[in-house]
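Undergrad: generate a structure from the sequence data that follows.
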Amino acid sequence: MKKAILSTTALVTAGVLASGTASASDKIKLGLGGYMQSTYFYQSADDTGAAQDRTSDRVTEEGEVWFTGETTLDNGIRFGVNVQLEAYTKTDQIDETYIYVDGSFGRVVLGSEDSASYLMHYTSPSPVPMFGADSANIYPTGLLITTYTDMFSDADKITYFTPRFAGFQFGASYVPDGDFETGSGGKNQYQAPSLKNGLDRGWSAGANYVNKFGGVDVAISAGYQSANVFNQSEDYTEYSFGTNVGYAGFTLGAGYAVDNDINGIADNDSKAWSVGLTYGRDKWQVGIQYSKETLEPAAAADSDATIMVVGGQYTLGPGITAFGGVQRDDNDTLAASTATVMAGTTYTYFVGTSLSF
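TA: Now for the predicted structure:
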């Protein structure tokens, strides 16, 4: 189970731990961290209706390099920075980038980072790195299912987290412009604020409870966020719940999320849930994870999609993990496959390596 100050991904946690530190008399010194993941997979698919024949196997990678640093003032308050560089060219070559302030008062984050509701969420555990049924790092059929509240993604925001007390922690984010992320899509600090379009002022709130009872680890989370949508009569809202229970090497987890009035369109909704079980002993871990999403559009019939991952991993050395397994995607949200998203049922057989540094 995750043991960070926040219930966030292991990647963010590792980024904080890898931060370069400095005394109060020194400037911040940046350290390097990050991860690299690589996989080979082969697919067996229905894949009807695609514009052309599709390659049945692939080698693909995912990774980031983090520049992190922190210093502590004489009064005990810590200031830090985190800049995450995508290892492969994409629309947001710089991923999250933010400044944070830590102290007895809690933690304040300013910049491009996920919302409080997203970061504090617990959900089903994935049995392997890279792949997963709930917000993975790779989507081999183009299908994404998540129980994370993600409408704001990395839009620039202000977030505050309370200190943890009696197992409880609370967080809140304010998002002036839900469509603005500095440096992404041509948006930058050298121009006037954007004309209103899409998500306007939004906010996010999250809470979780983490504790240990004898040999049992327990974590529970809840989150909610909302934003006005320009020129739409409805607000776009999301809420989520999640839990993890760990005992004797077993971790059982589940997540649930609802999106209401997506993009401000009345009755344009979706629901997603996920459940997973892993067992780890020494250097091994095996498990299974399953997620389902139901799309409920305002003017069309409901449709479903599911992802199931079965696999295992083995730690070869510090920060080096080998993994393998099979993923089953069943996507009925499309009548036929497109060039980027596969409809019908697809089995993806994969092996790979994950490195953290």
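
Undergrad: ok, residue 311 touching residue 321?
TA: No - Residue 311 is not in contact with residue 321 according to C-beta atoms under 8 Å; the separation is 11.6 Å. No exception for glycine: its C-beta is placed from N, CA and C like everyone else's.

Undergrad: identify the residues contacting the closest residue to residue 228 other than its chain neighbours.
TA: What sits nearest to residue 228 in space, not counting adjacent residues and going by C-beta to C-beta, 6 or more residues apart in numbering, is residue 200, at 4.2 Å. Shown in contact with residue 200 (C-beta atoms under 8 Å, 6 or more residues apart in numbering): 177-178, 227-230.

Undergrad: can you map out the strands along the stretch 1-150 of the chain?
TA: 20-22, 31-45, 57-72, 78-86, 94-103, 106-112 (DSSP state E, counting those that start in this stretch).

Undergrad: can you pull the buried residues of the fourth one?
TA: Translated: strand 78-86. Residues of strand 78-86 classed as buried by neighbour count (16 or more other C-beta atoms under 10 Å): 79-84.

Undergrad: also the second one?
TA: By neighbour count, with 16+ other C-beta under 10 Å as the criterion, the buried positions of strand 31-45 are 31, 33-35, 37, 39, 41, 43, 45.

Undergrad: so how far is it from its chain's centroid?
TA: Its chain's average C-alpha position is 16 Å from that of strand 31-45, according to C-alpha atoms, centre = their mean, to the nearest Å.

Undergrad: strands of the stretch 151-300 of the chain, start to end?
TA: With DSSP E, counting those that start in this stretch as the criterion, the stretch 151-300 of the chain has strands spanning 156-161, 168-175, 199-213, 216-229, 236-247, 250-260, 269-281, 284-296.

Undergrad: quick one: which of these is nearest residue 336?
TA: Comparison of the strands of the stretch 151-300 of the chain against residue 336 by C-beta to C-beta identifies strand 284-296 as nearest, at 16.1 Å.

Undergrad: neighbours of residue 188, how many?
TA: As a burial measure, residue 188 scores 10 neighbours (other C-beta atoms under 10 Å).

Undergrad: ditto for residue 87
TA: Per other C-beta under 10 Å, the neighbour tally for residue 87 reads 16.

Undergrad: quick one: pLDDT of it?
TA: For residue 87, the model assigns a pLDDT of 91.

Undergrad: also residue 145?
TA: pLDDT, residue 145: 97.

Undergrad: ok, it - contacts?
TA: 133-135, 272, 274, 291-293, 305-307.

Undergrad: tell me what residue 306 is bridged to.
TA: residue 292, residue 330 (DSSP bridges).

Undergrad: if anything else comes up later, I'll come back, but that's it for now.
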